[in-house]
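>>> have a look at this prediction, sequence included:
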Amino acid sequence: MDLLAFAYDRSFILEALRSGEIDYLEHVGEALEGDFFRQLIGREILNRLANSYPTPREKEEVPTWLYLASEISLKLHGSPSHHAFPRVLRSGGLIDALGPKLGGQKTTHPETGG
């Protein structure tokens with residue numbers, strides 16, 4: 001049986017590794033994160049969450065589901081949210097999940113190369 005679980009509890013994970021309860025451990029990378037977001041997008045989960053998410057915005061320049069996906073991505077990597085920086089989005093594996101049809105492409109800044 002395959003079990004896939006996401007957990008950010010350092011002491012729990014370390015103890016489970018020491019006691020042999022975990023056979024295999026993989027860091028959440030962009031490939032796995034991309035698979036996760038493909039499931040969320042394919043099952044319309046992000047859209048349903050966005051439709052029920054309270055927002056004071058009258059004009060939506062960036063879709064709510066994209067903000068939610070960014071927050072989920074941050075949580076997968078154990079980072080705090082960026083509510084203090086509303087224009088900062090973490091994309092990670094989401095770019096790969098969206099594909100070029102929906103604007104999912106990586107690019108570099110023309111002046112800085114970053």
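Perfect, thanks for sending it.
>>> any idea how far Pro110 is from Leu49?
35 Å (CB to CB, to the nearest Å). (C-beta placed from N, C-alpha, C; glycine too.)
>>> no wait, Lys59
28 Å.
>>> what about Leu49 and Pro110, which has more around it?
Leu49 (15 against 6; other CB atoms under 10 Å).
>>> please, which helix or strand holds the more buried one?
Per DSSP states H and E, Leu49 falls inside helix 45-52.
>>> ok, residues contacting that helix?
Residues outside helix 45-52 that contact it (CB atoms under 8 Å, 6 or more residues apart in numbering): Gln39, Leu40, Pro63, Thr64, Trp65, Leu68, Ala69.
>>> restricted to buried residues, select those in PyMOL.
Remark: buried members of the contacts of helix 45-52, expressed as a PyMOL selection using 16 or more other CB atoms under 10 Å:
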select buried, resi 40+64+65+68+69
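>>> helix, strand, or coil at Glu21?
coil (DSSP: H, G, I helix; E, B strand; the rest coil).
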